[in-house]
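Enquirer: Sequence and predicted structure, then a few things I'm wondering about:
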Amino acid sequence: METEVQGYLAEFGILRGQIRDAIKGINDEAANWHPLSQGTNSIYAILSHIIGVDNFWVRQVINGEKLERNREAEFAAAGKLAELIEHWEKAWTEVEPILAKLARGQLIETRTLPFGPGRGPVTVQWVILHLISHYAIHLGHIQLTRQLWDNQYDKRA
C-alpha cells in the first residue's frame, strides 16, 4: 500500500476513533436528540449522513459504482444507535479496501462529479482530502451535540 494512502487511512482511523469516543455511552434518546427545534441535527442523523458520504465519495465518485442516495433522508434519520454503528462499521469494510488499493498514480486521476454545474473534475486525492475534512467537521458537530446533551439538565436545576 502506498505510504500516502496509509497516511490517509491512518487519519480516517483517528477521526473514526474520535467519533466512537464522542458517542460512547449515549443512549438512543441522546443519539436522536436535536439541540434546537430547528436547524440542528441529531448525532444519529450526522452519523447516518457520514455513512452516505463515505459511500458517495468513495464507492461512487472514486470507484465508479452506481448508488442510490437520499441525502435529505440522512439528516431526517432516527433509530437505534447500536444498529447504526453496526451499519457504519460494515459500510467502512466496503470503503476502506477501495482506498487501500489506490496506487500513487491513481491519486492524480480525475473524476467528474455528478452534481454542481460549473464544477470541474476533481482528483482522487482531492476527494480523499475532502472526505477527511468532512469527517473532521462532523466530528466537531457530534462532540458539541454530545456536550450540549450531557449538560442540558445541569442548567435546569
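Expert: Thanks, I have the structure now. Here the structure is a predicted model, which means the values were calculated and not measured. Residues are numbered from 1 along each chain as shown.
Enquirer: CA only for contacts and neighbour counts going forward, please
Expert: Will do.
Enquirer: which stretch of helix or strand covers Ala136?
Expert: Assigned by DSSP states H and E, Ala136 belongs to helix 124-156.
Enquirer: which strands and helices sit next to that helix?
Expert: With contacts taken as 3 or more Cα pairs under 8 Å, 6 or more residues apart in numbering; DSSP states H and E, helix 124-156 sits against helix 3-23, helix 43-54, helix 104-107.
Enquirer: Can you report how many residues lie near the residue lying closest to Arg69 once chain neighbours are set aside?
Expert: Spatially, and ignoring its direct neighbours in sequence, Arg69 is nearest to Gly52 (6.9 Å; Cα to Cα, 6 or more residues apart in numbering). Gly52 has 19 neighbours, counted by other Cα atoms under 10 Å.
Enquirer: Does Val95 touch Arg59 like I think?
Expert: Yes - counting by Cα atoms under 8 Å, Arg59 is a contact partner of Val95 at 6.5 Å.
Enquirer: so how far is Ile98 from the closest residue to Thr123 other than its chain neighbours?
Expert: Counting by Cα to Cα, 6+ apart, Thr123 lies nearest to Thr110, which is 4.2 Å off, once chain neighbours are set aside. Using Cα to Cα, to the nearest Å, we find Thr110 at a distance of 16 Å from Ile98.
Enquirer: any weak-confidence spans in the protein?
Expert: 116-118, 153-157 (pLDDT under 70).
Enquirer: still on that earlier bit, now the helix holding Ala136: how far from the chain's centre is it?
Expert: Averaged C-alpha coordinates place helix 124-156 at 10 Å from its chain's average position (Cα atoms, centre = their mean, to the nearest Å).
Enquirer: Please look at Leu84 and Ser48 and confirm they touch.
Expert: Yes - using Cα under 8 Å, Leu84 is in contact with Ser48, at 7.2 Å.
Enquirer: higher neighbour count, the two?
Expert: Higher neighbour count among Leu84 and Ser48: Ser48, with 23 against 17, using other Cα under 10 Å.
Enquirer: For the more buried one, which non-adjacent residue is spatially closest?
Expert: Of all residues not flanking Ser48 in the chain, Glu74 sits nearest, at 5.3 Å (Cα to Cα, 6+ apart).
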